[in-house]
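Visitor: Sharing a model prediction with you, sequence too.
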Amino acid sequence: METELLNAAFLQDAQSWIVNNQELIIRYTVNIAAALITLIIGFIAVGMLTGGMNKVLKARNIDSTISDFVTSLLKYGLLAFVIIAALSRVGVQTASFVAVVGAAGLAIGLALQGSLSNFAAGVLLIGFRFFKAGDYIEAAGTAGTVHSVQIFTTILMTPDNRMIVVPNSKILNDRIVNYSKESTRRLDLVIGVSYSADLQLTKEVLTRIIEEEPRVLKEPACRIAVSELGASSVDFIVRPWVKAEDYWNLKFDLLEKIKNELDANNIGIPFPQMDVHLFKQDKA
């Protein structure tokens, strides 16, 4: 009986509180609903705006590394604005909130100096255009094709289709080798032949191979010469200029063709050997 009386009293107090605060409840309900609607519409609008901006930038042939970086910055900035607007609908004092966020941001910034340096490095990488999406680069102890430059990291794809995520600051603070920056590259081959080989014939064979290869550029001219008298071989350098996209395929094809042509002309290619001499000792 006592429990029933307590429950009845609680319900009566609750009903009385609701009746006395109907206006307050309605106002907060409307504010919360408005905040949720603001968040939903804001998130959708931000997604449409940043997606449309990304398409416009790419339609204007803006490099994808720049367009992705700019749209990422715009996206997070607009999302922060939407969240602040939603909080203001609930009744949170945005001025005080911004001050608190600023103080918290300072504290977080001191704690996350590495992330901030990555962000600054990303801005510099985009600004100085050391590379763009699709370039094959070597940096921070790794190599791969640039997929995108994010706010804090750069995404590389290796030739065997592995994804490598590298912090922007490591790339900026390290040596950057861009193999795709120029449209042409020099292919450096070292071909060793035996000391008994006819050097003039060897040079003629190598020259003929280069002249018959259509992927080798006529200018600059290919350099073929003896570069070193090694311990067991006479080394020729073969340095044709090629288009950057033909580099690897042409290198593999030339090495195979050079080996076949040297064999066909009886020009030996030395390789490491060991002569073992056995001595038989008679027993006393």
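Guide: Right, received. Where do you want to start?
Visitor: measure M157 to Q150 for me?
Guide: 14 Å (CB to CB, to the nearest Å). Just so you know, the C-beta spots here come from the backbone N, C-alpha and C atoms, and that holds for glycine as well.
Visitor: ah, wrong one, I meant V70
Guide: From V70 to Q150 the distance is 12 Å (CB to CB).
Visitor: now do A35
Guide: 30 Å.
Visitor: cool, E182 as well?
Guide: For E182, the distance to Q150 - CB to CB - is 26 Å.
Visitor: between these two, who's got more neighbours?
Guide: Per other CB atoms under 10 Å, whichever of E182 and Q150 has more neighbours is Q150, with 17 against 8.
Visitor: for the residue lying closest to the more buried one once chain neighbours are set aside, helix, strand, or coil?
Guide: Computed as CB to CB, 6 or more residues apart in numbering, the closest residue to Q150 that is not its neighbour in sequence is S72, at 6.6 Å. Following DSSP: H, G, I helix; E, B strand; the rest coil, the label given to S72 is helix.
Visitor: Surely S72 touches T153?
Guide: No: judged on CB atoms under 8 Å, S72 makes no contact with T153 at a distance of 11.2 Å.
Visitor: What lies in contact with the helix or strand harbouring G144?
Guide: Per DSSP states H and E, G144 falls inside strand 142-149. Contacts of strand 142-149 with the rest of the structure, by CB atoms under 8 Å, 6 or more residues apart in numbering, involve 64-65, 68-69, 122, 125-126, 131-137, 154-159, 162-164, 166, 168.
Visitor: Report the strands that pair with that strand, each with its relative direction.
Guide: strand 136-139 (antiparallel), strand 153-157 (antiparallel) (DSSP bridges).
Visitor: Dump these into CSV; add distance to I40 as well.
Guide: Shown next, in CSV, are the strands paired with strand 142-149 (distance: least, CB to CB, whole Å):
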stretch, distance to I40
strand 136-139, 41
strand 153-157, 30
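Visitor: now these as a markdown table including mean neighbour count and distance to I41?
Guide: What follows is the strands paired with strand 142-149, written out as a markdown table (neighbours: other CB atoms under 10 Å; distance: least, CB to CB, whole Å):
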| stretch | mean neighbour count | distance to I41 |
| --- | --- | --- |
| strand 136-139 | 20 | 41 |
| strand 153-157 | 20 | 31 |
